[in-house]
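>>> Prediction below, plus the sequence it came from.
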Amino acid sequence: MLCPNCSAAVTQGQRFCDNCGIRLGADVASPDVQPLNAPIGQPPIPPSVPAPPGAYQSQPGMYAPPVVPNSNMAIISLVAGVLAWLALPLIGALVAVICGHLARKEIRESGGRLSGQGLALAGLIFGYVHLAVVALTVCFVMLFAFVFVGAM
Ligand SMILES: [Zn+2]
């Protein structure tokens, strides 16, 4: 066959013309052939552009703090605190408060080997706020019940 650009002889299956270098995409049956309607003349984006320094790649050992595992108690506390609001009122809050306190104690006594203070604190807050809301609700319900019963 002949190159459509320069009419040099090219072998069937060849992907680029030896003479002018044009892509012979249309007539070449190749498994990874490029789309035929790709705009001609625009060079494809180079596949491996060197990333600017520090852009996306984390550089190990430079900025990463030493890996300190989170206290399991702290994780349980946070999860239970969230669950108290979503699925497990009272029980979740109690678990969150208990585990939150245990986690803070555990983290304090670990001497830096355990992390998760923020998780434990969040779990404690979720738990305590939930308990406070429940307690207030119970108070109001009882108050209204007494008023209602007393009015009868
Ligand atoms: Zn050619």
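That came through fine. Residues are numbered from 1 along each chain as shown.
>>> contacting residues for residue 81?
Each residue near residue 81 by Cβ atoms under 8 Å, 6 or more residues apart in numbering is listed here: 92-93, 96, 100, 122-127, 130. No exception for glycine: its C-beta is placed from N, CA and C like everyone else's.
>>> Let me have those residues in a markdown table, adding pLDDT as columns.
Below are the contacts of residue 81 laid out as a markdown table (pLDDT from 0 to 100):
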| residue | pLDDT |
| --- | --- |
| 92 | 94 |
| 93 | 94 |
| 96 | 95 |
| 100 | 95 |
| 122 | 95 |
| 123 | 94 |
| 124 | 95 |
| 125 | 95 |
| 126 | 95 |
| 127 | 94 |
| 130 | 94 |
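>>> so where's the protein shaky on pLDDT?
The chain contains residues with pLDDT under 70 at 26-66, 151-152.
>>> swap the cut-off to 90 and go again
For the chain, the stretches with pLDDT under 90 are 1-5, 7-18, 21-68, 88-90, 111-112, 146-152.
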